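Q: Give me a model of this one.
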Amino acid sequence: MAGILFIISAPSGSGKSTLVNALRSQVGGIDFSISWTTRQPRGSEESGREYHFTTREQFERMVADDQFLEYAEVFGNYYGTARQSLNEATEAGRDLLLDIDVQGARQVRARVPQAVTIFIMPPNPKVLRTRLRNRSRAEGHVDEDVLFRRLSEASKEIENYSQYGYILVNDVLERAVAQLEAIVVVERTKREGRPVDVHNRRDFEIAESCREINSRERLKPVLDSFGIFPAEPPQRNLF
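A: Next up, the predicted model:
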């Protein structure tokens, strides 16, 4: 049986990579699709581990050959997910996790509508700014213009949160990891047709609390802090 395709998106600096690494270390049976990119490696990054680093010319040849499930240009660099990752996971019956931005997620959802979608939010702009600045310092260079641009882009990305099935706020790392694990457990349980029982009931409760429709009150202060004011859900006519 084909596995589950999990799509995870988040603004840069939201702690997505930390959450994904924690999930992969604690939950087996998930392949991770390593994206291709034309940007330069940062710090200790290695090709084939964090990304497949390539040239712009080679990337565009791959696009012309229809080798990507999705791709996008972000901050002047290409990022893309090779079709081969999904094909290999499908053939092996394993789950596949895609770490992609909102543009890429939109492309993949159109092609794989049964994919499980998860959006990770930072708790507020101040925390996001601190995380971005700390990461830049670790890489040896802090560019305030780049930080401002990434913060502006974060608000635009967060506006797309309602397109995702699950929403996580990464304010407490341990809690966010537990929520991510619960979502994987629940989706696997549902795919296998197993019932809710004493062994997985708590996972179902955690996962349900992260569903977009059940997260509106919890998300309101986060959205407010980024200046995002979602439309009110339509009122039902009771008469």
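Q: Quick check: phi and psi on residue 116?
A: Dihedral pair for residue 116: phi -90, psi 120, per degrees, to the nearest 10.
Q: Look at it and report its pLDDT.
A: In this model, residue 116 is scored at 97, pLDDT.
Q: just the one 4 residues further on next, same as before
A: Residue 120 carries a pLDDT value of 96.
Q: my guess is it meets residue 179, correct?
A: No. In this structure, residue 120 is not within contact of residue 179 by C-beta atoms under 8 Å, at 9.7 Å. C-beta here means a position set from N, CA and C on the backbone, and glycine is covered the same way.
Q: between the two, what contacts are shared?
A: Residues touching both residue 120 and residue 179 (C-beta atoms under 8 Å, 6 or more residues apart in numbering) are residue 168.
Q: quick one: the helices in the protein?
A: With helices called from DSSP state H, the chain shows them at 16-26, 56-64, 83-92, 102-111, 125-138, 144-158, 173-191, 201-210, 216-225.
Q: Nearest to residue 166, out of these?
A: Shortest distance between residue 166 and the helices of the chain, using C-beta to C-beta, is found for helix 201-210: 4.6 Å.
Q: that older thread, compare the helices of the chain and give me the one nearest residue 34.
A: helix 83-92 (7.6 Å).
Q: pLDDT score for residue 199?
A: Residue 199 is given a pLDDT of 84.
Q: for it, phi and psi?
A: Torsion angles, degrees, to the nearest 10, at residue 199: phi -80, psi -30.
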